[in-house]
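Undergrad: sequence? don't have it. structure:
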């Protein structure tokens, strides 16, 4: 199975590639790279791992991109948020090259397609373009990164293991939300793209469902330290969202301003409204890809 | 089962009401009417048929609308294209009133949610709003009205039975497209809203799948008259679409200008791109509601 990946040198992309390399399926993996990055250290690391790295520009010549994608079974996009719109010409070229499955960049929480998160609207625009092409596709959402969920402890002794730890509990802290360990994404993707049932579906794959209070309780229990619980109200989240949207409205195509909406809009979506759950995903028509989890202690931790 | 209907005095709405009245399920039917139309002849006809007609304004007081919709099992919207955006406050009120199923106005051809038809984009905005409310819904698409499909015959002797007969064959005339007799819509709707499998789904219900050539051939055979075949090219459709969109771009919220895009964009969608088929509906995730047909001779007419 011949798999092309765009954004293979990024964190999500590299994780997906690792999963493809470790899978029992024999994948031929080709990473598309901007010409200027062809010889970067990250691309060299991909080559050393057995990945072909080829030059391509999503927003360059369509004919060249179609030529590059010939013979692809799957094209996976793991582009950065700034490059989401590059997927429009990429999908058009994929259709012309006869690609059998296109995986646009999603890999995030479940949220309504419009009206709540600007980032989700851009992703929905891309998916709508894919649909207008009648291009076979699969989207994969994975919830919130588990690595971003635990807070610091007062002694600081967990700091080395934390990535951007939260300082606030959103709303009442009792809203369940799906989490996935970033390192598990690779396993999901390799399985999902080799399964016919996931064709032309949105798929939700996640590790655990936890509220913020459950996470705080777990960290207190494991660390033996008492955590401060700093609540941020629904009204304050609404205020932050309104502020970010006001700034964006002045310049709606500025991806930097879109990025400023992401923080408060994620909080609104999973922390206040509670969209990031298997129940809401089912309502939206997602396939549930089942439970996979890296850390067994988290698996059965949901108490309610 | 308590069913509220908005737009019940329009053609589609009245057809739906007739189907509910004829159904073996006992429906309590309440038509919402603008206060100014409460005593119209069409509303009087509804009352005579056993329908309650109550005053309501979608864009008026939310509290009043929520109060009106108390106890509704289903709210069906069959509003005119001009009033599609009224469904935003209607859906919000339906959510607050605890409505068990909301049926936004769709009742059209299958087409991509964005990028091809402006009308479809407005409907997709409404559906996205419904989804952000986590409001149970069903959408129903029925293809192209069968009554609009047959052309005139030179003698004019079919004119009394025709509604807006086509004068052109779109593209090569060989693109299959789904048709439904308007009078069958009522049967679809009564069945679909009483079936749990259709909850939170888009449903495609249609009578037949025919190309324009097949329709022209049929009319020639039945009438014994030779028809002129006046082809309009893909390029000409593209030109008409571009022209209508250019006019709309100057004033994107003007529903009158939106209406001017509908003709060429429908032709583009079902006549050129071929989206209005069960295969494409399946790709989009629709449930197929099966084959119902009023005119038996059309049922098995597809030759390819």
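TA: Received, thanks. What you see is a predicted model; the values in this text were computed from it and never measured.

Undergrad: OK, contacts around residue A:119?
TA: By CB atoms under 8 Å, 6 or more residues apart in numbering or on different chains, residue A:119 lies in contact with A:81, A:84, A:108, A:258, A:261-262, A:265. C-betas here are computed from N, CA, C, even on glycine.

Undergrad: Swap in 10 Å and give it another go.
TA: Residue A:119 is in contact with A:81, A:84, A:108-109, A:111, A:255, A:258-259, A:261-262, A:265-266, A:269, counting by CB atoms under 10 Å, 6 or more residues apart in numbering or on different chains.

Undergrad: pretty sure residue A:274 is touching residue A:175, no?
TA: Yes - contact criterion CB atoms under 10 Å: residue A:274 and residue A:175 qualify, at 4.5 Å.

Undergrad: nearest to chain B, of the contacts of residue A:119?
TA: residue A:111 (8.7 Å; CB to the nearest CB).

Undergrad: Which per-residue confidence value corresponds to residue A:134?
TA: Per-residue confidence at residue A:134 stands at 98 (pLDDT).

Undergrad: What is the burial count for it?
TA: 17 (other CB atoms under 10 Å in any protein chain shown).

Undergrad: how far away is it from residue B:55?
TA: From residue A:134 across to residue B:55, the span is 45 Å (CB to CB, to the nearest Å).

Undergrad: and the spatially most central residue of chain A, what element?
TA: The residue lying closest to the centre of chain A (CA atoms, centre = their mean) is residue A:107, at 2.1 Å. Using DSSP states H and E, residue A:107 sits in no helix or strand.

Undergrad: re the thing from before, give me the common contacts of residue A:274 and residue A:175.
TA: Shared contacts of residue A:274 and residue A:175 (CB under 10 Å, 6+ apart): residue A:211.

Undergrad: hmm, back to that, return the entry from the contacts of residue A:119 with the maximum number of neighbours.
TA: That'd be residue A:111 among the contacts of residue A:119, by other CB under 10 Å, with 28 neighbours.

Undergrad: Find me the pLDDT at that residue, would you?
TA: Residue A:111 carries a pLDDT score of 98 in this model.

Undergrad: Show the contacting residues for the residue lying closest to it once chain neighbours are set aside.
TA: Spatial nearest neighbour of residue A:111, excluding adjacent residues (CB to CB, 6 or more residues apart in numbering or on different chains): residue A:269 at 4.4 Å. Residue A:269 makes contact with A:108-112, A:116-117, A:119-120, A:144, A:177, A:237, A:241, A:275-276, B:132, according to CB under 10 Å, 6+ apart.

Undergrad: re the thing from before, verify the contact between the residue nearest to the centre of chain A and residue A:184 for me.
TA: No - applying CB under 10 Å, one finds residue A:107 not in contact with residue A:184, separated by 11.6 Å.

Undergrad: which neighbours do the two share?
TA: Joint contacts of residue A:107 and residue A:184 (CB under 10 Å, 6+ apart) are A:15, A:142, A:205.

Undergrad: So which of those residues sit within helices?
TA: Those of those mapping onto helices are residue A:15, per DSSP state H.

Undergrad: wait, which of the shared contacts of residue A:107 and residue A:184 is closest to chain B?
TA: residue A:205 (18.3 Å).

Undergrad: before we move on, back to that, ok, the shared contacts of residue A:107 and residue A:184 vs residue A:69, which is closest?
TA: residue A:15 (22.3 Å; CB to CB).

Undergrad: Verify the stated contact: the closest one with residue A:76.
TA: No - here residue A:15 lies out of contact with residue A:76, judged by CB under 10 Å, at a distance of 11.3 Å.

Undergrad: the more surrounded of those two?
TA: Applying other CB under 10 Å to residue A:15 and residue A:76 shows that residue A:76 carries more neighbours, namely 28 against 21.

Undergrad: so the more buried one, which of the three states?
TA: strand (DSSP: H, G, I helix; E, B strand; the rest coil).

Undergrad: Which positions in the stretch 1-150 of chain A make contact with chain B?
TA: Neighbours of chain B within the stretch 1-150 of chain A, by CB under 10 Å from any CB of the partner chain: A:88, A:111-117, A:120-121, A:124-125, A:127-137.

Undergrad: Return the residues of the stretch 201-304 of chain A in contact with chain B.
TA: A:201-202, A:269, A:273-275, A:279-280, A:282-285.

Undergrad: Show me how to select, in PyMOL, the buried members of the residues you listed.
TA: Buried members of those, defined by 16 or more other CB atoms under 10 Å in any protein chain shown, are picked up in PyMOL with:
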select buried, chain A and resi 201+202+269+273+274+275+280+283+284
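
Undergrad: residue boundaries of the strands in chain A?
TA: Remark: strands assigned in chain A by DSSP state E are A:2-6, A:28-33, A:52-55, A:74-77, A:101-103, A:138-141, A:144-145, A:169-170, A:177-180, A:201-206, A:208-210, A:231-232, A:287-291.
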